[in-house]
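**Q** model the structure of this input:
(4 chains)
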2 protein chains.
Amino acid sequence: MNRAGNPTISDVAARAGVSVPTVSRVLTGAARVSPAKRELVEAAIADLGYRPSAAARALVSRKPQTIAIIAGNTSRYGYAETIRGIEIAARAEGYTVMITVVESADEDEVDRAIEATLTQPLAGVAVLKFDPAGVAALGKIPGHLPVVALSGVREPDTAQAVLDEAAAAEELTDYLLGLGHRTVHHVRVPPSRKVDGRTTGWRRALRRAGADIPPVLDATWDPKSGIAIGRALAADPAVTAVFCGNDEIAMGVMRGITEAGLRIPGDISVAGFDDNPLAELWTPPLTTARQDFATLGRRGFQLLLDAVNDTADRRYSTERPQLVIRDSTAPPSPERGPAGA
Amino acid sequence: MNRAGNPTISDVAARAGVSVPTVSRVLTGAARVSPAKRELVEAAIADLGYRPSAAARALVSRKPQTIAIIAGNTSRYGYAETIRGIEIAARAEGYTVMITVVESADEDEVDRAIEATLTQPLAGVAVLKFDPAGVAALGKIPGHLPVVALSGVREPDTAQAVLDEAAAAEELTDYLLGLGHRTVHHVRVPPSRKVDGRTTGWRRALRRAGADIPPVLDATWDPKSGIAIGRALAADPAVTAVFCGNDEIAMGVMRGITEAGLRIPGDISVAGFDDNPLAELWTPPLTTARQDFATLGRRGFQLLLDAVNDTADRRYSTERPQLVIRDSTAPPSPERGPAGA
DNA sequence: GTGAAAGCGCTAACAG
DNA sequence: CTGTTAGCGCTTTCAC
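**A** Numbers count the residues shown, from 1 in each chain, chains lettered A, B, ... in the order given. Just a heads-up that it's a prediction; the model follows:
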């Protein structure tokens, strides 16, 4: 019995009438134990409600069963779902999950957060590279620790699971262009770096089609920031289609457009990105690209596990978000566009 | 140097030319060290990039700096925000956070999850008692471990932080009644137990006003489950006001009502609960009760910390959600209601 | 197969 | 103030 009142391995050994290493053997299955003693040990474990100490185990075996997730945020839709995916996969493999939030890319803050985390006995680290904070954090992880980056720009030296946002954004923009829009305006969410997959894909489609490339409009993560942008967009008669960096911003933009007295998709088509669970319920239901964040998380954990076990056959995993066409997009109205007004 | 390539405390001691305990002393600040040696040690720590091992520390000092959060879900709005609140408060106090998800109240699953968690050296546990899984998990935590329950029914023997949902639901129902509605229908989200604060407050207001108490309608956590309910509600001419267990369900219900050809709030008023960030952007903007989950999480962590340090002056903390009146509610239309049709 | 002995990295007495 | 001595709870040699 230790001070916390928990039975220890030697309590179990005493009760079973065997040595401590024997108990350890039935616990780990590392070596064979006679059925008789094994049974004795198991009974003692059950009687005492014994639970091995992860701290002691990690200390001596150097095989921690904990992974850390480093994220810039835990409650926004994409982040939360990705974390959920990692957690589910980790739990299935017997790993416990630790969460560290890095709210900004501020060097001190990143250092402090990483420092606190690395103090733990960790099998590996998963970094959500969705924002500058994630990018900064990734750079601070010591090289000897297995790491996987989730999303973001391609990392040369790190295992990485991504969603091919650029391809999906390109497809979505193509679809809008195919509807007859002369060009597509773009509202961006805060990018993790200078380059942003969604913006890149959008630009690529426009360029390929020989369409005008309007200046990018920047929103914050707060959906309300889309309202003013929506109003401004509505005031410009050249605007007939808008592609937003995520569904929440699209919802704000739609509200701004509606408040300005225009209709969606009658006057302006609006598309989002992510397929937030509420996108489908919106009025009108939102056209978007479905990002399967939970699967991203699962794939990421698999890559991390491969790195931990050194069984990495591939270190990169990508998946393409699916276009989901609903009612917020339609062919342009004849009254609007560069010709009209 | 250990096998993982990390410097250990004895590497630091060697490099600084002092004994291991002296290094420990500068690390913990437990005893005074001469400025000269302290400087030597600090230099060695910096040179080596030394980081103390939390496993070894927890093992010997019995003061783990980790808390576990047990939750039935991590990505739904209320859960995610609460977790975020706990994490922020914990980080500020130097605690690391571990997350354990218990997806169902299934005994085996709860046991497995708790088991894995308790293996870690833990200072305490915060349980999100939002659902049956949380309730089941709370019952399994060994008594000697500091615990705080977040939300849910009052716990006699546990520190607990709650949001007074019953009072807020009552206020919201009163408001609807005050608008002139004969009664208010209620769509419930899955309750954590038989009693549910939101439902209780709604019933209390109705009873106090001497209004009819219509049967409760049950939705799942999926916002889409509200659609069919909304359609059914629209088909009943006696329905003029609906109070939904959360904003997401309200959005589904509103869509069902709209699809049935009725208008909100013209024909039916709809109110939600929580004040999801998107509630304000909805069409029409949703009347709801704002639940400050992040603060709930912070208060919960404070209570847990008090329990850990045994400085608990109070073991219960409650806060009342604020009514947020927007455009989805209005006086009843003369064409509907028990008199009309 | 099984026990005795050693030691993971660290902090807590205990001398001095 | 500082070094020496123990020992946390567990796994890993290494004999037998």
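
**Q** from A:S19, how far out is the residue nearest in space to the middle of chain A?
**A** Geometric centre of chain A, nearest residue: A:T82, 3.7 Å, by C-alpha atoms, centre = their mean. Distance of A:T82 to A:S19, given as C-beta to C-beta, to the nearest Å: 46 Å. (C-beta placed from N, C-alpha, C; glycine too.)

**Q** then A:L145?
**A** The gap separating A:L145 from A:S19 is 35 Å, by C-beta to C-beta.

**Q** of those two, who's got more company?
**A** A side-by-side neighbour count of A:L145 and A:S19, using other C-beta atoms under 10 Å in any protein chain shown, places A:L145 first with 17 against 13.

**Q** setting aside sequence neighbours, what's the nearest residue to the more buried one?
**A** Distances taken as C-beta to C-beta, 6 or more residues apart in numbering or on different chains place A:V125 nearest to A:L145, at 5.9 Å, with adjacent residues excluded.

**Q** pretty sure the one you found contacts A:H144?
**A** No. Using C-beta atoms under 8 Å, A:V125 is not in contact with A:H144, being 11.3 Å away.

**Q** how about the strands in the stretch 151-300 of chain A?
**A** Taking DSSP state E, counting those that start in this stretch as the criterion, the stretch 151-300 of chain A carries its strands at A:159-163, A:185-188, A:217-218, A:241-244, A:269-271, A:288-290.

**Q** what's the closest of these to B:A46?
**A** B:A46 lies closest, by C-beta to C-beta, to one member of the strands of the stretch 151-300 of chain A: strand A:159-163, at 30.0 Å.

**Q** can you give the contact residues for that closest one?
**A** Strand A:159-163 is contacted from outside by A:146-152, A:154, A:291-293, A:296, A:299-300, A:303-304, A:306-307, A:312, A:315-321, using C-beta atoms under 8 Å, 6 or more residues apart in numbering or on different chains.

**Q** pull out the buried members of those.
**A** A:146-152, A:291-293, A:296, A:299-300, A:303-304, A:306-307, A:317, A:321 (16 or more other C-beta atoms under 10 Å in any protein chain shown).

**Q** just say helix, strand or coil for the closest residue in space to A:A294 that isn't next to it in sequence.
**A** Nearest in space to A:A294, with sequence neighbours left out and distances taken as C-beta to C-beta, 6+ apart, is A:G85 at 3.7 Å. At A:G85 the chain is in helix, as set by DSSP: H, G, I helix; E, B strand; the rest coil.

**Q** pull the contacting residues for A:G85.
**A** A:F293, A:A294, A:T295, A:L296, A:G297, A:R298, A:G300, A:F301.

**Q** pull the contacting residues for the fifth one.
**A** This means A:G297. The neighbourhood of A:G297, defined by C-beta under 8 Å, 6+ apart, consists of A:E81, A:T82, A:I83, A:R84, A:G85, A:I86, A:E87, A:I88, A:A89, A:L150.

**Q** ok, so what distance separates it from A:R84?
**A** Computed as C-beta to C-beta, the A:G297 to A:R84 distance reads 7 Å.

**Q** so what pairs up with A:I69 in the strands?
**A** On the basis of DSSP bridges, A:I69 is bridged to A:I99, A:A126.

**Q** what's near enough to touch it?
**A** By C-beta under 8 Å, 6+ apart, the neighbours of A:I69 are A:I83, A:I86, A:E87, A:V97, A:M98, A:I99, A:T100, A:V125, A:A126, A:V127, A:L128.

**Q** most widely separated two among those?
**A** A:E87 and A:V127 (15.1 Å).

**Q** more neighbours, those two?
**A** Set A:E87 next to A:V127 and count neighbours by other C-beta under 10 Å: A:V127 wins out with 32 against 26.

**Q** surely A:T66 and A:M98 touch.
**A** Yes. If you go by C-beta under 8 Å, A:T66 and A:M98 touch, sitting 5.8 Å apart.

**Q** between the two, which contacts overlap?
**A** A:Q120, A:L122, B:M98.

**Q** if you rank those by neighbours, which is first?
**A** Counting neighbours by other C-beta under 10 Å, the top entry in the shared contacts of A:T66 and A:M98 is A:Q120, with 25 neighbours.

**Q** skip the chain neighbours and tell me the closest residue to it.
**A** For A:Q120, ignoring the flanking residues on the chain, the nearest one in space by C-beta to C-beta, 6+ apart is B:A54 at 4.7 Å.

**Q** now the strand or helix carrying A:T82: buried residues?
**A** Assigned by DSSP states H and E, A:T82 belongs to helix A:77-92. Buried residues in helix A:77-92, counted by 16+ other C-beta under 10 Å: A:77-91.

**Q** looking at those, which one is closest to A:A46?
**A** Within those, proximity to A:A46 (C-beta to C-beta) peaks at A:R91, which comes in at 23.3 Å.

**Q** okay but the closest one is in contact with B:E103, surely?
**A** No. Distance between A:R91 and B:E103: 9.3 Å, which falls outside the contact criterion (C-beta under 8 Å).

**Q** what sits against A:G266?
**A** Per C-beta under 8 Å, 6+ apart, neighbours of A:G266: A:A330, A:S333.

**Q** tell me the pLDDT of it.
**A** pLDDT, A:G266: 96.

**Q** state the distance from it to chain B.
**A** Per C-beta to the nearest C-beta, to the nearest Å, A:G266 is found 15 Å from chain B.

**Q** ok, now A:A289?
**A** Taken as C-beta to the nearest C-beta, the span from A:A289 to chain B is 19 Å.

**Q** so how many other residues sit close to that residue?
**A** 26.

**Q** surely it is in contact with A:R326?
**A** No. Counting by C-beta under 8 Å, A:A289 stays clear of A:R326, with 11.5 Å between them.

**Q** sketch out the low-pLDDT regions of chain A for me.
**A** Along chain A, segments meeting pLDDT under 70 span A:2-4, A:337-341.

**Q** what parts of it come near DNA strand C?
**A** Proximity of chain A to DNA strand C is confined to A:18-22, A:25, A:31-34, A:36-38, A:56, A:59-60 under the rule C-beta under 7 Å from any atom of the strand.
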